[in-house]
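In: Need a 3D model of the following:
(2 chains)
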Amino acid sequence: MTAPTPTAVSPGRAGWLLVLRDLRLGLRRPGEWLQPLVFFLVVTTLFPLATDPQMSRLRDMAPGALWVAALLSSLLALELLFREDGQDGSLEQLAVSGLPLSWLLLAKTCVHWLLTGLPLVLAAPIVATALGAPYAAIPGVLAALLLGSVTLSLIGAVGAGLTLGLRRGGVLLALLVLPLAVPVLIFGARATALAIALEPMAAPMYLLGAIAVLSATLAPLAAAAAVRISLE
Amino acid sequence: MNWIWFHRLGSPPHFFRIAGKMVPWFAWLAGIAAVTGLVGGLGLAPPDYQQGEGYRIIFVHVPAAVLSTLAYAVMASAAGVGLIWRMNVAHAVAASCAAVGAWFTLVALATGSLWGRPMWGTYWEWDPRLTSELVLLFLYLGYMGLRGAIDDTARADRASAVLALVGVINLPIIHYSVDWWNSLHQGHTLLKFGKASMPPSMLVPLLLMMLAFTLYFAAILLVRARGEVLRRERNARWISEAIGERP
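Out: As a prediction, the model looks like this:
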């Protein structure tokens, strides 16, 4: 049987095709990417129940609640990142395709963020308001969570690559990723706290942006190395 | 520059022999430094004018804290060498570092909290140093957890090496962010080693103890690495020759 001659695909085009494919696959299974969102909403609901539901108290706690919930929910979503493609062999095809794997994984991570991170960011204003944040704070909360959740997805991709196909992957993934996410948590929660207090939040946002840029450049390389090792 | 000595270290029998010869040297020197350091620190050094006798825990706490980061640096360097040059022995060294480093971290945390009780009035304070030390402990635990979860040694080596290297890039950021985070709360740190100049009667024992901890680390690392090499090469012929020399 004659195989069709492979046509050379530029990395940019391949990345775009991968984005479309992953988006299509993801949108066909809304249950999977809605779960982290629901988890986020449930966890943030637990905080007022577990503490004092006075608005003034909740307002102090809101940044912490938002960010811990966002961190845990992004962690929950990470297992979806490579699992399907790892099981059905698509990931191996990407690895042997001759295209830069780090670039392809960056594309996959972006889609993953679009499906699991972005809904969370969009839900954040509702949650923040419910936790007593003033309306004027919402743009700031959105901006901080936008930058932070992208970074969490990027860092998480490394952990997901390392634990790909492991039996006890879930808890281990948390143990690997959570310490690495400490800076994002600190700066993100600080930026959110400043936003809720209606104070200038530039300083932590710059640092959050710096971490986002650093992880966007380095994390795909580490994730590619991790995935290659896991596929061996 | 001649790199043959480096490549030779990559050979398990050679490493096993060299390491075995170096262990007693490191161990004895560590013992001597520890005894003199402890005598100097616990006996000869004067009590602190502010903290009385309580400060003497410094002679364990500071070396343990220094070694906890040094062990991570050694682990990550060995992991990087193993990843780049595919040196099995380097991976064995990295694997041997983790548990020792985690113990140093735990000792630093425990002594730090014991010290905090009389000085700060509390066992645990969210001090930046304590917090970043705690995160370091989590990094070690993650490294060991990843290594333990993968059955295939070669895959475990390479995967944990990637994790160690990612951790190295992240450690300064974590340290800095924790510093920054705490400076927003309050400046609670009573003790500033950098600023308070230490009299030689305290400084010399402290340096001796650091030397002792470092040498101890080297000795225990080599012992563990030899064990790790033996485990990995258990089917190799050179082992029976190496063991056979000494019945």
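In: Tell me the secondary structure at the residue positioned nearest the centre of chain B.
Out: The residue lying closest to the centre of chain B (Cα atoms, centre = their mean) is B:Ala71, at 3.1 Å. Classification of B:Ala71 by DSSP: H, G, I helix; E, B strand; the rest coil places it in helix.
In: Looks like it contacts B:Gly101 (just checking).
Out: Yes - with contact defined as Cβ atoms under 8 Å, B:Ala71 reaches B:Gly101; the gap is 3.2 Å. In this view, the C-beta of every residue, glycine as well, is placed from N, C-alpha and C.
In: check contacts around the nearest residue to A:Pro119 once chain neighbours are set aside.
Out: Nearest non-adjacent residue to A:Pro119, counting by Cβ to Cβ, 6 or more residues apart in numbering or on different chains: A:Leu37, 4.5 Å away. Contacts of A:Leu37 were listed using Cβ atoms under 8 Å, 6 or more residues apart in numbering or on different chains, and they are A:Ser73, A:Thr116, A:Pro119, A:Leu120, A:Ala123.
In: Out of those, which is nearest to B:Leu114?
Out: A:Ser73 (37.6 Å; Cβ to Cβ).
In: quick one on the thing from earlier: for the residue nearest to the centre of chain B, give its distance to B:Val60.
Out: Separation of B:Ala71 from B:Val60 (Cβ to Cβ, to the nearest Å): 16 Å.
In: okay, the residue nearest to the centre of chain B: pLDDT?
Out: Per-residue confidence for B:Ala71 comes out at a pLDDT of 94.
In: what's it in contact with, if anything?
Out: The neighbourhood of B:Ala71, defined by Cβ under 8 Å, 6+ apart, consists of B:Cys97, B:Val100, B:Gly101, B:Phe104, B:Phe217.
In: Within reach of chain A, which of these are there?
Out: The subset of the contacts of B:Ala71 lying close to chain A, counting by Cβ under 8 Å from any Cβ of the partner chain, is empty.
In: Just the residues you listed: which are in helices?
Out: Among the contacts of B:Ala71, the subset assigned to helices under DSSP state H consists of B:Cys97, B:Val100, B:Gly101, B:Phe104, B:Phe217.
In: Would you confirm that the third one contacts B:Ala73?
Out: No - taking contacts as Cβ under 8 Å, B:Gly101 lies outside contact range of B:Ala73: 9.4 Å.
In: More neighbours: those two, which one.
Out: Taking other Cβ atoms under 10 Å in any protein chain shown, B:Gly101 and B:Ala73 do not tie; B:Gly101 has more neighbours (27 against 14).
In: Residue 48: what's its closest spatial neighbour, skipping adjacent residues?
Out: Looking at chain A here, since you left the chain open. In space, A:Pro48 comes closest to A:Leu58 once its chain neighbours are excluded; the distance is 5.8 Å by Cβ to Cβ, 6+ apart.
In: Not quite, go with chain B.
Out: Closest residue to B:Asp48 apart from its sequence neighbours, by Cβ to Cβ, 6+ apart: B:Tyr55 at 4.2 Å.
In: Would you confirm that that neighbour contacts B:Leu42?
Out: No - B:Tyr55 lies out of contact with B:Leu42 (Cβ under 8 Å); the separation is 11.2 Å.
In: neighbour count winner among those two?
Out: In this view B:Tyr55 and B:Leu42 are compared by other Cβ under 10 Å, and B:Tyr55 has more residues nearby, 20 against 12.
In: re the thing from before, anything in contact with each of B:Tyr55 and B:Leu42?
Out: Contact criterion Cβ under 8 Å, 6+ apart; residues shared by B:Tyr55 and B:Leu42: none found.
In: one step back: would you list the ones in helices among the contacts of B:Ala71 in a markdown table and tack on distance to A:Leu66 and pLDDT?
Out: Supplementary listing: those in a markdown table, determined by distance: Cβ to Cβ, whole Å; pLDDT from 0 to 100:
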| residue | distance to A:Leu66 | pLDDT |
| --- | --- | --- |
| B:Cys97 | 37 | 93 |
| B:Val100 | 39 | 95 |
| B:Gly101 | 34 | 95 |
| B:Phe104 | 36 | 95 |
| B:Phe217 | 42 | 95 |
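In: Now which of the residues you listed would you call buried?
Out: Burial of the ones in helices among the contacts of B:Ala71 was assessed by neighbour count (16 or more other Cβ atoms under 10 Å in any protein chain shown); the buried members are B:Cys97, B:Val100, B:Gly101, B:Phe104, B:Phe217.
In: got the residues of chain A near chain B?
Out: A:158, A:162-163, A:166-169, A:172, A:175-176, A:178-180, A:182-183, A:186-187, A:190, A:207, A:211, A:214, A:218, A:222, A:225-226, A:229-230, A:232.
In: buried stuff in stretch A:63-72?
Out: Residues A:Pro63, A:Ala65, A:Leu66, A:Trp67, A:Ala69, A:Ala70, A:Leu71, A:Leu72 are the ones in stretch A:63-72 that count as buried (16+ other Cβ under 10 Å).
In: contacting residues around it?
Out: Contacts for stretch A:63-72 (Cβ under 8 Å, 6+ apart): A:39-40, A:43-44, A:47, A:120, A:124, A:127-128, A:131, A:141, A:145, A:148-149, A:152, A:178, A:181, A:184-185, A:188-190, A:192-193, A:196.
In: Which of those residues fall in strands?
Out: Assigned to strands by DSSP state E, none of the contacts of stretch A:63-72 qualify.
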